[in-house]
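>>> Have a look at this prediction, sequence included:
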Amino acid sequence: MSETITGVGIGLGVAQGPVARTPKRTPPPRDERSGRPAEEEAGRVREAVAAVAADLMRRAETAGGTARDVLEAQAMIAEDPSLEEAVQARLDDGKTAEWAVHDAFAEFRATLEAVGGYLGERAADLDDVAARVVAHLRGEPAPGVPSPGHPFVLVAPDLAPADTALLDLDPASPNRVLALVTTDGGPTSHTAILAREKGIVAVVGAGRAARLADGDVVIVDAAAGSVVTDPSEDELAEAQRRADERAAAEAAPVTPGALADGTAVPLLANLGSPKGAAEALELGAEGVGLFRTEFLFLSSTEAPTVEAQRAEYTKLLTAFAGKKVVVRVLDAGADKPLPFLNDAEEDNPALGLRGLRALRANEDILRDQLTALAQADAATDADLWVMAPMIATVEETAYFTALAREVGLKTTGVMVEVPAAALLADRILKHADFASIGTNDLTQYTMAADRLLGTVASLQDPWHPAVLQLIERVGEAGAAHGKPVGICGEAAADPLLAVVLVGLGATTLSMAPAALADVRFSLGRFTLEDARRIAHAALGADDAPAARAAAQAAAGS
Ligand code: PEP
Ligand code: MG
């Protein structure tokens with residue numbers, strides 16, 4: 001009898017094949033005294049760290065895209081001087097190199113977790129770096145992905161970015177990864193982000209997949225968020241039919257986003273660097289719906305100059321000549337602190353001096369950024385729209401749009417991420433040329449559930465009817481004013497939710513480029529009338545799972 005294990009699906013893909021699991025990690029080192037002099041141990045650590053950092057950099061070069069940034073960051077962690085000092089202190093106490101690395105990294109991890117936010121999220125990456133260094137010291141192969149000699153469904157607790165980035169997806173390879181299932185990790189884990197970017201069929205957070213054994217045949221159904229064990233012949237045939245249908249949709253020429261009745265829904269890309277432009281265009285992005293400028297400057301200790309910014313924005317706008325590009329001014333604070341904008345200690349940074357609030361407290365930095373954008377705009381011919389994050393009031397909207405227009409920017413809008421802004425969208429849109437709904441933060445603030453906390457992850461679901469009602473309100477305000485309402489949070493990348501969002505009044509959808517094909521395919525199955533009916537079904541539910549189920553039923557899937 002087949003059985004269904006549930007998790008969180010990434011995208012719409014479906015795949016089938018035999019399971020191969022990542023090897024069990026060897027036991028961590030023990031707290032032991034070394035038989036070698038401290039100096040010799042220090043030499044071993046230096047050699048191992050350098051080898052691991054070089055290996056990560058090599059992987060970064062091959063990987064490209066977001067994966068490159070993640071891997072480069074890991075390589076930098078490996079060679080962090082404060083870690084080196086912590087290791088040395090343990091070696092001076094006579095400990096083994098293996099223990100010193102393991103223990104010092106664990107201490108550093110605890111510190112990062114206590115800081116929380118973006119740094120806290122990086123804490124798990126430290127475990128991977130430490131395991132790689134210890135494996136090197138022991139002369140063992142680096143932990144990671146197996147090579148069973150046949151295509152396989154990879155099952156792992158979670159994957160290190162270094163492994164996800166380099167998964168073998170070549171259809172001709174004997175060790176091709178057909179799908180990925182993780183028992184841990186949620187939809188915003190690195191594994192999920194990279195899987196989405198690479199278009200890997202994936203189900204994450206499927207805890208019960210831990211009992212799968214090598215060779216078990218499974219169906220991985222990302223659209224349903226399930227892993228079917230011991231499937232029947234009929235189930236396998238149906239999965240294959242769907243996989244073929246999707247392959248055909250993916251192979252179809254890339255067309256502009258539209259509903260079945262021809263209603264245009266431009267599909268745009270979320271980008272954090274001009275480097276992603278070529279790939280986004282190749283995947284059919286009709287422009288950029290969210291350029292996260294803070295990602296350019298996460299490691300800067302000083303505010304970037306107008307010239308440095310102009311160069312980056314010019315690259316971006318040049319790549320999208322003739323197309324719409326929505327740039328967001330720096331969204332610093334909470335999980336993305338920028339040292340030059342956020343120096344205050346805050347107990348609740350997500351509710352603190354974040355986004356436009358931090359920029360307003362440092363108006364010179366905001367003016368410089370708007371000036372750089374206006375200069376890049378004047379030198380290129382993309383259609384530049386500029387927006388501010390974390391707007392809570394009508395007054396903030398008026399302040400930002402007036403300032404942006406003063407420096408010469410033509411199309412100025414706001415993000416709707418705070419429930420207050422959604423509730424007063426009709427008044428906000430009197431000042432702004434457009435609104436773009438950030439569903440990640442709108443969900444976090446509506447549900448009072450920190451988007452980084454696994455313990456409240458079930459509340460962090462944009463399908464929640466309370467979130468959908470707020471989106472509907474913004475959609476109605478946009479329609480009343482004849483102004484565009486985009487969606488740029490992760491919700492737009494969920495193929496069925498994308499249909500609901502259009503039914504609620506969204507006029508464009510922006511997402512990670514790898515999600516474009518699935519969303520394009522999904523939109524093409526429904527008319528605007530269908531989308532409104534499906535949205536209505538979701539709005540009437542009591543909670544997020546019920547809303548998703550009601551939408552699925554209304555969509556006939
Ligand atoms: C959002 O909050 O949905 C959003 C798009 O902004 P970010 O994820 O960068 O906070
Ligand atoms: Mg946001």
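Okay, I see it. Ligands and ions are numbered 1, 2, ... in the order given.

>>> nearest spatial neighbour of the residue in the stretch 301-450 of the chain that ligand 1 sits nearest to, skipping sequence neighbours?
Using CB to the nearest ligand atom, the single residue of the stretch 301-450 of the chain nearest to ligand 1 is G438, 2.8 Å away. Where you see a C-beta, it was placed from the backbone N, CA and C, and this is true even at glycine. Spatial nearest neighbour of G438, excluding adjacent residues (CB to CB, 6 or more residues apart in numbering): E417 at 4.0 Å.

>>> Counting neighbours, what do you get for that neighbour?
Residues lying near E417 (other CB atoms under 10 Å) number 27.

>>> one step back: my read is that the residue of the stretch 301-450 of the chain closest to ligand 1 contacts P419, right?
No: contact criterion CB atoms under 8 Å: G438 and P419 do not qualify, at 11.9 Å.

>>> With neighbour numbers in mind, choose between these two.
Between G438 and P419, G438 has the larger neighbour count (other CB under 10 Å), namely 28 against 17.

>>> I'd like the secondary structure assignment at F521, please.
Here F521 is recorded as helix under DSSP: H, G, I helix; E, B strand; the rest coil.

>>> quick one: the residue nearest to it when sequence neighbours are not counted and A512, what's the gap?
Of all residues not flanking F521 in the chain, A249 sits nearest, at 4.4 Å (CB to CB, 6+ apart). Distance of A249 to A512, given as CB to CB, to the nearest Å: 18 Å.

>>> More neighbours: which of these two?
A512 (20 against 15).

>>> Now that one. Nearest residue, chain neighbours left out?
Closest to A512 by CB to CB, 6+ apart is R196, at 5.3 Å.

>>> Tell me if I'm right that the one you found and L516 touch.
No: at 10.9 Å, R196 and L516 do not qualify as touching, with contact defined as CB under 8 Å.

>>> How far away from the center of its chain is stretch 534-554?
25 Å (CA atoms, centre = their mean, to the nearest Å).

>>> let me fix that: stretch 340-350
Using CA atoms, centre = their mean, the offset of stretch 340-350 from its chain centre is 23 Å.

>>> Now look at it and say if it contacts ligand 2.
No: using CB under 5 Å from the ion, we find that stretch 340-350 stays clear of ligand 2, coming within 9.8 Å at best.

>>> So which residues make contact with that stretch?
116-117, 300-303, 330, 332-335, 337, 352-354, 358-359, 362, 365, 444-445, 450-451 (CB atoms under 8 Å, 6 or more residues apart in numbering).

>>> Filter these down to the buried ones, ChimeraX style.
Buried members of those, defined by 16 or more other CB atoms under 10 Å, are picked up in ChimeraX with:
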select :116,117,303,330,332,333,334,335,337,353,354,358,359,362,365,444,445,450,451
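
>>> circling back to that earlier point, check which helices and strands the host helix or strand of the residue nearest to A512 is in contact with.
Using DSSP states H and E, the element containing R196 is helix 190-198. Counting contacts by 3 or more CB pairs under 8 Å, 6 or more residues apart in numbering; DSSP states H and E, helix 190-198 is packed against strand 8-10, helix 65-78, helix 161-165, strand 177-182, strand 202-204.

>>> Tell me, please, the helix or strand in the chain that averages the lowest pLDDT.
helix 161-165 (a mean of 74; mean pLDDT, DSSP states H and E).

>>> Quick check: phi and psi at the closest residue to ligand 2 within the stretch 451-557 of the chain.
Using CB to the ion, G489 is the residue of the stretch 451-557 of the chain that sits closest to ligand 2, at 7.0 Å. Backbone torsions for G489, taken as degrees, to the nearest 10, come to phi -90, psi 180.

>>> what domains does the record give for the chain?
3-20+149-159+166-251, 38-138, 267-555 (automatic domain parsing).

>>> what's stretch 240-248 in contact with?
12-16, 518, 521.

>>> roughly how far apart are the residue nearest the centre of the chain and D494?
Most central in the chain under CA atoms, centre = their mean is I193, positioned 4.3 Å from the mean C-alpha point. Taking CB to CB as the measure, I193 falls 14 Å from D494.

>>> First-to-last residue distance for stretch 211-222?
19 Å (CA to CA, to the nearest Å).

>>> Just the buried positions in it, please.
Quick answer for stretch 211-222 (16+ other CB under 10 Å): 212, 216, 218-222.

>>> what's the angle from the longest helix seen in the chain to helix 65-78?
Taking DSSP state H as the criterion, the chain has its longest helix at helix 38-63. Helix 38-63 and helix 65-78 meet at an angle of 170 degrees, taking axes from the mean of the first three to the mean of the last three CA atoms, to 10 degrees as the criterion.

>>> Sort out which residues of helix 38-63 are buried, please.
Within helix 38-63, judged by 16+ other CB under 10 Å, the buried ones are 38, 41-42, 44-45, 48-49, 51-53, 55-57, 59-60, 63.

>>> nearest to A319, of those residues?
Proximity of the buried residues of helix 38-63 to A319 (CB to CB) peaks at A63, which lies at 20.7 Å.

>>> contact partners of the host helix or strand of E476?
Taking DSSP H and E as the criterion, E476 maps to helix 465-481. Identification of contacts with helix 465-481 by CB under 8 Å, 6+ apart yields 416, 419, 422-423, 425-426, 428-430, 434-435, 437, 439, 442-443, 446-447, 461-462, 484-485, 487, 500-501, 504-507, 535, 538-544, 547.

>>> now swap in stretch 292-300 and tell me
By CB under 8 Å, 6+ apart, stretch 292-300 touches 118, 270-273, 304, 309, 312, 327-332, 336, 338-340, 369.

>>> what does the average pLDDT come to for it?
In this model, stretch 292-300 has a mean pLDDT of 89.

>>> is it up against ligand 1 anywhere?
Yes: using CB under 6 Å from any ligand atom, stretch 292-300 reaches ligand 1 at R292.

>>> Quick check: buried residues in that stretch?
292-294, 296-298.

>>> Show me the strands in the stretch 251-400 of the chain, by range?
267-271, 287-292, 324-328, 383-388 (DSSP state E, counting those that start in this stretch).

>>> Neighbouring strands of the last one in the sheet, and parallel or not?
I take that to be strand 383-388. strand 324-328 (parallel), strand 411-416 (parallel) (DSSP bridges).

>>> Equivalent analysis for the second one, please.
Here strand 287-292 is paired, per DSSP bridges, with strand 267-271 (parallel), strand 324-328 (parallel).

>>> List the contacts of the first one.
For strand 267-271, contacts defined as CB under 8 Å, 6+ apart pick out 256-257, 276-277, 280, 283-292, 316, 324, 326, 486, 488, 508-513, 516, 519-520.

>>> Verify the contact between F105 and D128 for me.
No: F105 is beyond contact range of D128, at 9.9 Å (criterion: CB under 8 Å).

>>> quick one, what contacts the residue in the stretch 201-350 of the chain that ligand 2 sits nearest to?
The nearest approach of the stretch 201-350 of the chain to ligand 2 comes at D331, 6.1 Å away (CB to the ion). By CB under 8 Å, 6+ apart, the contact list for D331 reads 292-294, 354-355, 389-390.

>>> Quick one: the strands in the stretch 451-557 of the chain, in order.
Under the criterion DSSP E, counting those that start in this stretch, the stretch 451-557 of the chain contains strands at 485-487, 508-511.

>>> near ligand 1, which residues of the stretch 301-450 of the chain?
331, 417, 438-441.

>>> change it to 8 Å
Residues of the stretch 301-450 of the chain lying close to ligand 1 by CB under 8 Å from any ligand atom are 328, 331, 335-336, 389, 415, 417, 436-444.

>>> ok, longest strand in the protein?
Scanning the chain for the strand with the most residues, using DSSP state E, yields strand 14-21.

>>> How about A264, nearest residue that isn't a chain neighbour?
Going by CB to CB, 6+ apart, A264 has A258 as its nearest residue, at 5.3 Å.

>>> ok, how many other residues are close to the one you found?
When neighbours are counted by other CB under 10 Å, A258 comes out with 15.

>>> again, but for A237
A237: 11 neighbours (other CB under 10 Å).

>>> Would you confirm that A209 contacts L180?
No: counting by CB under 8 Å, A209 does not reach L180; the two are 10.5 Å apart.
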